[in-house]
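[1] With the sequence up front, the predicted model follows.
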Amino acid sequence: AETLKGLLPGAVAGFQRTGLETNSGGAGGMSMAVATGDYQKDGASFRLAVTDLGAMAGMAALASAVNAQSTKETQTGYEKSGTVDGRLTTEEWDREAKSGRYSILVGERFSVEANGNADSIDVLKQAVASVDAGRLEGLAR
């Protein structure tokens, strides 16, 4: 969890980190670790999380391997998931609430996710991209 915490930036897209938290644990041979940062700017806020899926990584790898894709459009937003640049990616956005979630799976073991409020989904994508995916891929090996 401490290693993951070091991957969270102090600021991203003009948002300043206002909180930092780590958790780890496991039972029955299954363990997970997560580091989260809370970010705020002008009344908007989101949470950026890096999660080591541990034993759950196998299920994530299976989801990635089957290359499942889905899209859903509503009057106010959309949801989509699929493989982008070789990574399982999930994206949800509500244009009216200016709220959503964006996540990627790195090295078939680590989830990087931003969720909350921002001017656009691009801010959440920037937050996810600010985490060093190359370093996570190295840790996955």
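    Cool, got the structure. Residues are numbered from 1 along each chain as shown.
[2] name the element the most centrally placed residue in the chain belongs to?
    The centroid of the chain falls nearest to residue 113 when counting by CA atoms, centre = their mean (1.2 Å). Per DSSP states H and E: residue 113 is located in strand 110-117.
[3] Can you list the neighbours in contact with that strand?
    Applying CB atoms under 8 Å, 6 or more residues apart in numbering, the contact partners of strand 110-117 are 39, 44-53, 60, 97-106, 123-125, 127-128, 131, 133, 136, 139-140. Using the backbone N, CA and C atoms, a C-beta is placed for each residue, glycine as well.
[4] after the helix or strand bottoming out on mean pLDDT in the chain, next one along is what?
    Lowest on mean pLDDT, DSSP states H and E among the helices and strands of the chain sits helix 57-65, with a mean of 51. Using DSSP H and E, the helix or strand that follows helix 57-65 towards the C-terminus is strand 70-73.
[5] In this protein, what residue spans correspond to strands?
    11-12, 15-27, 30-41, 44-52, 70-73, 77-84, 87-94, 99-106, 110-117 (DSSP state E).
[6] Redo the ones you listed as CSV? Include mean pLDDT and distance to residue 5.
    Formatted as CSV, the strands of the chain follow (pLDDT from 0 to 100; distance: least, CB to CB, whole Å):
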stretch, mean pLDDT, distance to residue 5
strand 11-12, 96, 15
strand 15-27, 88, 5
strand 30-41, 90, 4
strand 44-52, 97, 8
strand 70-73, 93, 32
strand 77-84, 94, 26
strand 87-94, 95, 22
strand 99-106, 97, 16
strand 110-117, 97, 13
